[in-house]
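Undergrad: Fold the following, please.
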Amino acid sequence: MKDLAEPKWMYLKAALLLVIGVTCVALLFLDQPTLRTAVLLALAVWAFCRAYYFAFYVIGKYVDPAFRFSGLWSFVRYLTRRNRK
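TA: This next block holds a predicted model:
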């Protein structure tokens, strides 16, 4: 698959991902409209964002600056190969 290089398509992709996320959170909250559901959804989103940040920024900047990840599968392959050594 070719890398996404044109800014307008990057913005469209970001907007679509945001729409998907907001829609899912809204539908889940409407299914169970409680404070507990809202807090759990907020914590889940925050935790996944932090994990994503770790997978790409922390590993690439501090742990192994020579390695460049192309996606989450690339990160998983990196972890499994690293653990074999």
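
Undergrad: Buried residues of the helix or strand hosting Y53, list them for me.
TA: Here Y53 sits within helix 35-53, counting by DSSP states H and E. For helix 35-53, a neighbour-count test (16 or more other CB atoms under 10 Å) marks L41 as buried. (Glycine included, C-beta is placed from N, CA and C.)

Undergrad: what's next to that helix, contact-wise?
TA: G21, V25, L28, F29 (CB atoms under 8 Å, 6 or more residues apart in numbering).

Undergrad: helix or strand right after it?
TA: By DSSP H and E, the next helix or strand past helix 35-53 is helix 72-84.

Undergrad: Which positions within that next one qualify as buried?
TA: F75, Y78.

Undergrad: what's the first-to-last distance across stretch 64-75?
TA: 12 Å (CA to CA, to the nearest Å).

Undergrad: pLDDT value on L27, please?
TA: pLDDT for L27: 96.
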